[in-house]
Every structure is written in structure tokens, then in C-alpha cells.
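*Asks:* I would like the atomic coordinates for the input below:
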Amino acid sequence: MLDAWALIAFLDDERPAAAQVEAVLGNGAVAACSINLGEVLYRQIRTAGATAARNGVTKLRGEMTVLNPDWDLVVSAAKVKANGGLSYADAFCVATALRLEAELWTGDPEIIDLARKLQFEVRDLRP
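*Replies:* Residues are numbered from 1 along each chain as shown. So this is what the prediction gives:
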């Protein structure tokens with residue numbers, strides 16, 4: 001499971017995180033929540049322009065499973081968010097990882113800290 005931090009690091013070629021993300025993309029075993037892809041999209045629009053951002057995120061979508069939130073995921077994300085410390089988009093990422101029982105790849109310190117509290121697996125991509 002990749003969060004926006006991991007995907008942005010990949011698109012911006014921030015090493016060593018980009019290399020780790022690149023290794024799992026396209027193998028069919030990685031997922032992201034569409035809310036987090038939206039976060040990547042708006043950030044890339046700001047830095048790379050609308051066309052490049054759209055092209056990059058479209059390519060990413062083709063290399064992973066993308067989960068769209070249903071009501072149960074919205075409720076789960078709201079519960080995560082209610083504990084404080086995360087953005088709503090990050091709460092969707094955590095809720096999606098919990099649903100999938102998947103290791104969450106990130107460099108976001110707030111998510112890494114929350115992983116200890118909620119007891120889910122996290123891979124810290126920071127150098």
C-alpha cells in the first residue's frame with residue numbers, strides 16, 4: 001500500500017524512496033486509495049503543470065490497484081481522523097491499509113507514529 005508521500009517521492013525521483021517504489025510498481029501487488037492519488041495529482045499540478053501531472057498520475061493508476069472509498073472506508077477514515085494528528089487524506093490511506101491488511105509504505109512521520117498506536121505495518125521510506 002502506497003501513500004501520497006511515497007508516490008510523490010517516486011514522481012519527483014527522490015532517492016532512495018523512488019527506487020523502492022519503482023521496484024513494486026507494476027507487479028500487481030501494490031495499491032493506493034483514489035483519495036491519495038488525488039492528493040498526488042493536485043500537488044503535481046502545482047509543481048509540474050496540469051498536463052504532466054495528469055499524465056504521470058494516469059500512468060501510476062495503470063501500475064497499481066486503486067481503491068475507491070465506499071461508506072465503510074469513509075467511516076473507518078473518519079475514525080482514524082478523529083484520533084487527531086493526520087490529514088483526512090492520510091486517514092484514508094491508513095484506513096485502506098487496515099482494510100487490506102497491507103504494509104503501508106510512507107515517509108510521513110505522522111503516519112509512522114500512528115502505526116505504532118494502531119498496530120499496522122509500515123515501511124519507512126525516509127533515508
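
*Asks:* buried stuff in the helix or strand of the chain with the lowest mean pLDDT?
*Replies:* Within the chain, no helix or strand scores below helix 109-118, which has a mean of 90 by mean pLDDT, DSSP states H and E. Judged by neighbour count using 16 or more other Cβ atoms under 10 Å, the buried positions of helix 109-118 are I111, I112, L114, A115. C-beta coordinates here come from the backbone N, C-alpha and C atoms, glycine included.

*Asks:* residues near Y88, how many?
*Replies:* Y88 has 12 neighbours, counted by other Cβ atoms under 10 Å.

*Asks:* repeat for D12
*Replies:* D12: 14 neighbours (other Cβ under 10 Å).

*Asks:* quick one: mean pLDDT for the helix ranked longest in the chain?
*Replies:* The helix that spans the most residues within the chain, counting by DSSP state H, is helix 34-48. Mean per-residue pLDDT for helix 34-48: 96.

*Asks:* for it, which outside residues touch it?
*Replies:* 2-4, 7-8, 11-12, 52-54, 56-57, 60-61, 66-69, 77, 88-89, 92-93, 96 (Cβ atoms under 8 Å, 6 or more residues apart in numbering).
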